[in-house]
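[1] below are the sequence and a predicted model for it; my questions follow.
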Amino acid sequence: MTSRRTSKVGVVTQPRTESDVVTRWSTRRSHVESRSPDPGLVGGGVSYQALPGTSHRMQIAAMGSFRPTRIQSIPQLGEKISNETLYWKAYRSPVQINEYGAVTHVHFSPTAPHHFAVSASTRVHVYAAHSAEPQRTFTRFRDVAFGATFRADGRLLVAGSEEGVVRVFEAHGRVPLRSFDGHKRAVRVSCFMSDGLRVLSGSDDCTARLWDVATGAQLSSFASHGDYVRSAHVCTLNPNLFITGSYDHMVRVFDVRQPDAVLTLDHGFPVESVLAFPSEGLYASAGGRLVKVWDAVRGGHLLACLRHHHKTVTALTLNGAGDRLLTASLDRHVKVLSTTTFKPVHSFDYPAAILSLGISPDDQTLVAGMTNGLLSVRNRKTEERQKPEPRRRRGATYRYYVRGKDYLPKKGDVKVSFQARTKQQTYDKLLRTFQHSRALDAVLEAQVASRHPQVTVSVMAELARRQALQSAIAGRDEQQLLVLLAFLLRNMLDPRFSSVLTTVADALIDIYGSTLHKSRAVAQRFEKLAELIEREVSFQQELLAAMGMMDALFAANTERKHAQGDALPAPAPAPAVPAVPATPAVATS
């Protein structure tokens with residue numbers, strides 16, 4: 001007696017025992033199927049009975065060798081991977097370091113081996129670029145430290161602080177060599193001028209000041225800004241120029257020989273970062289969600305306004321060659337932009353909002369500091385050293401190579417053919433034993449259905465070819481139905497799978513359409529599927545209408561061209577060319 005299963009949604013399915021379906025796929029012509037309708041099955045199901053005198057093992061053996069399911073090869077979707085993408089993807093997985101507070105500034109030493117200084121909480125840490133190991137820590141700060149920056153030769157380091165004091169350290173020492181007092185509020189930005197003899201500082205007291213490293217005296221003060229000065233950049237080609245950005249939305253270019261700014265640019269948002277391109281004819285400012293590029297040669301003309309981020313842009317930097325602009329934002333992304341087209345060529349994702357960003361001059365290390373105190377260090381993959389080729393073994397003798405050539409087979413010899421066993425996938429093993437429902441379950445698992453949907457669709461196509469799709473779909477409980485419907489919702493509109501999945505959807509509606517009221521979750525999935533198909537049909541109708549209008553326009557244009565061609569006058573005959581008289585022959589003696 002065969003047992004029948006009843007699903008949780010109330011559908012009685014046809015038998016799923018091995019004896020019921022084995023003879024259906026028997027390849028021997030002598031085994032004829034005998035079908036008898038079972039009135040107890042939904043939809044007039046058919047039960048299969050094996051012929052008397054034949055065992056199931058014999059019928060399976062008669063099928064011969066099993067052919068594995070042919071997986072449909074589908075084209076890979078997505079953008080073509082360019083050399084630019086490969087270059088920026090050549091970084092290893094990031095090394096993450098927990099700091100004591102938010103990482104407000106990162107700066108690399110211009111000289112090899114390009115250590116980088118990190119300003120976080122009341123400390124400044126110096127890390128090795130390649131190993132991310134701490135090399136030195138500066139702790140002579142009473143409050144939060146800001147803007148630690150190396151000098152061009154990498155021997156000195158300057159940093160501001162919340163207490164308003166600017167300190168100069170030796171890169172390999174611990175005690176400050178100079179302390180500059182004069183600011184009334186926190187010093188958020190500090191750096192060396194290009195000559196290395198002066199220090200520039202910007203403070204929340206709305207001033208930028210210039211200090212002499214040798215004497216510790218203040219050389220000049222610039223009070224053109226009306227709000228906090230939070231960013232600065234010194235020019236290398238002209239040692240007397242520097243750029244400042246403030247929360248008063250202004251970017252100002254100063255000449256140390258003049259008290260006022262020589263160029264003022266309105267960014268429109270509080271300015272978080274400024275920099276100059278290598279030619280120093282273009283400036284970039286970041287504030288709000290915008291990055292603006294200014295042409296200083298044309299008097300501060302706005303060259304480009306970039307909107308590639310969703311939140312405030314906090315940091316700007318250039319790669320070693322100066323042909324790529326890197327922008328960091330609170331939206332947890334770092335964008336790599338081309339300096340010629342200002343279009344993004346790559347993007348990095350981070351786990352938290354980014355406050356600071358730095359890249360080594362040789363592009364080997366990329367460092368980002370985040371609001372939660374996390375420091376992310378990415379190092380470029382280095383080419384593995386080629387291993388020396390193993391020593392070749394000496395060749396065998398001539399007798400070794402000619403062995404067996406003079407052997408003559410004897411009368412009693414038996415030739416044994418060897419066939420290597422191929423490993424079958426789980427769904428192929430189940431299909432081989434006619435366990436269709438379990439084969440469908442195997443390819444609907446998350447690791448297969450999400451990563452390799454072509455495998456799931458290929459098995460469904462094989463079930464449809466065997467006319468076993470309905471029997472495999474029937475008899476499913478609520479959870480199994482939800483998994484199958486979720487797969488349909490994800491892949492139904494994919495043109496690579498739509499033909500097969502349409503057949504599966506039709507079978508689902510035929511089997512479970514009358515029992516949807518018994519499961520609210522299943523009914524909601526069916527409603528989403530119906531809305532999806534209805535929307536796709538609407539799109540197709542609109543496309544067909546657009547194609548019809550285009551065909552009409554093309555036809556009218558073609559008729560107009562033909563009419564103009566018929567109305568053109570016939571070309572005039574070419575004028576006759578007069579005959580050239582023959583030249584009399586000249587007799588020669």
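    Good, I have the coordinates. This one's a predicted model, so the numbers in the text were calculated from it and none came from an experiment.
[2] ok, then the element right after the helix or strand residue 200 falls within?
    Following DSSP states H and E, one finds residue 200 within strand 198-203. Going down the chain from strand 198-203, the next helix or strand is strand 208-212, by DSSP H and E.
[3] mind giving me the packing neighbours of that following strand?
    strand 198-203, strand 218-222 (3 or more CB pairs under 8 Å, 6 or more residues apart in numbering; DSSP states H and E). No exception for glycine: its C-beta is placed from N, CA and C like everyone else's.
[4] summarise which helices and strands the strand holding residue 200 is packed against.
    Helices and strands touching strand 198-203, by 3+ CB pairs under 8 Å, 6+ apart, are strand 156-161, strand 165-170, strand 187-192, strand 208-212, strand 229-234.
[5] quick one: low-confidence residue ranges for the stretch 351-500 of the chain.
    Filtered on pLDDT under 70, the stretch 351-500 of the chain yields the residue ranges 383-389, 392-395.
[6] what of the chain?
    Using pLDDT under 70, the chain drops low at 1-65, 74-80, 383-389, 392-395, 565-589.
[7] tell me where the stretch 351-500 of the chain has helices.
    Here the stretch 351-500 of the chain has its helices, by DSSP state H, counting those that start in this stretch, at 398-401, 426-432, 436-443, 446-449, 453-465, 469-473, 478-491, 498-512.
[8] mind putting those in TSV, mean neighbour count and distance to residue 325 included?
    What follows is the helices of the stretch 351-500 of the chain, written out as TSV (neighbours: other CB atoms under 10 Å; distance: least, CB to CB, whole Å):
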stretch	mean neighbour count	distance to residue 325
helix 398-401	8	65
helix 426-432	19	50
helix 436-443	21	46
helix 446-449	13	40
helix 453-465	21	38
helix 469-473	22	54
helix 478-491	18	37
helix 498-512	18	42
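[9] about what we covered before: and the helices and strands packed on strand 208-212, which is most packed in?
    strand 198-203 (a mean of 26; mean count of other CB atoms under 10 Å).
[10] one step back: deepest-packed of the helices and strands packed on strand 198-203, please.
    Ranked by mean neighbour count under mean count of other CB under 10 Å, the helices and strands packed on strand 198-203 are led by strand 156-161, which reaches a mean of 26.
[11] residue 245: what's it in contact with?
    Applying CB atoms under 8 Å, 6 or more residues apart in numbering to residue 245 gives the contacts 229, 230, 231, 232, 251, 267, 271, 272, 273, 274, 285, 287.
[12] if you set the cut-off to 6 Å instead, what comes out?
    Residues in contact with residue 245, defined by CB atoms under 6 Å, 6 or more residues apart in numbering, are 231, 251, 271, 274, 285.
[13] any idea which helix is longest in the protein?
    When every helix of the chain is counted residue by residue (DSSP state H), the longest turns out to be helix 520-567.
[14] give me the nearest residue to residue 69, chain neighbours excluded.
    In this structure, residue 69 finds its nearest non-sequential neighbour in residue 462, 5.1 Å apart by CB to CB, 6 or more residues apart in numbering.
[15] the one you found contacts residue 70, doesn't it?
    No. The criterion here is CB atoms under 6 Å, and residue 462 misses it with residue 70 at 8.1 Å.
[16] residue 185 and residue 196: what is the separation?
    Separation of residue 185 from residue 196 (CB to CB, to the nearest Å) stands at 27 Å.
[17] actually, residue 411.
    Note on residue 411: its distance to residue 196, by CB to CB, is 98 Å.
[18] more neighbours, these two?
    Counted by other CB atoms under 10 Å, residue 411 and residue 196 do not tie: residue 196 has more neighbours, with 14 against 4.
[19] tell me the SS of that one?
    Of the three states, residue 196 takes coil under DSSP: H, G, I helix; E, B strand; the rest coil.
[20] and it, what is it in contact with?
    By CB under 6 Å, 6+ apart, the contact list for residue 196 reads 151, 152.
[21] from residue 446, how far out is it?
    Here the criterion is CB to CB. By it, residue 196 lies 59 Å from residue 446.
[22] how about residue 208?
    As judged by CB to CB, residue 208 and residue 446 stand 57 Å apart.
[23] same check on residue 271?
    For residue 271, the distance to residue 446 - CB to CB - is 47 Å.
[24] residue 82 too?
    Residue 82 is 32 Å from residue 446, by CB to CB.
[25] that older thread, got TSV for the helices and strands packed on strand 208-212, with distance to residue 152 too?
    Shown next, in TSV, are the helices and strands packed on strand 208-212 (distance: least, CB to CB, whole Å):
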stretch	distance to residue 152
strand 198-203	12
strand 218-222	19
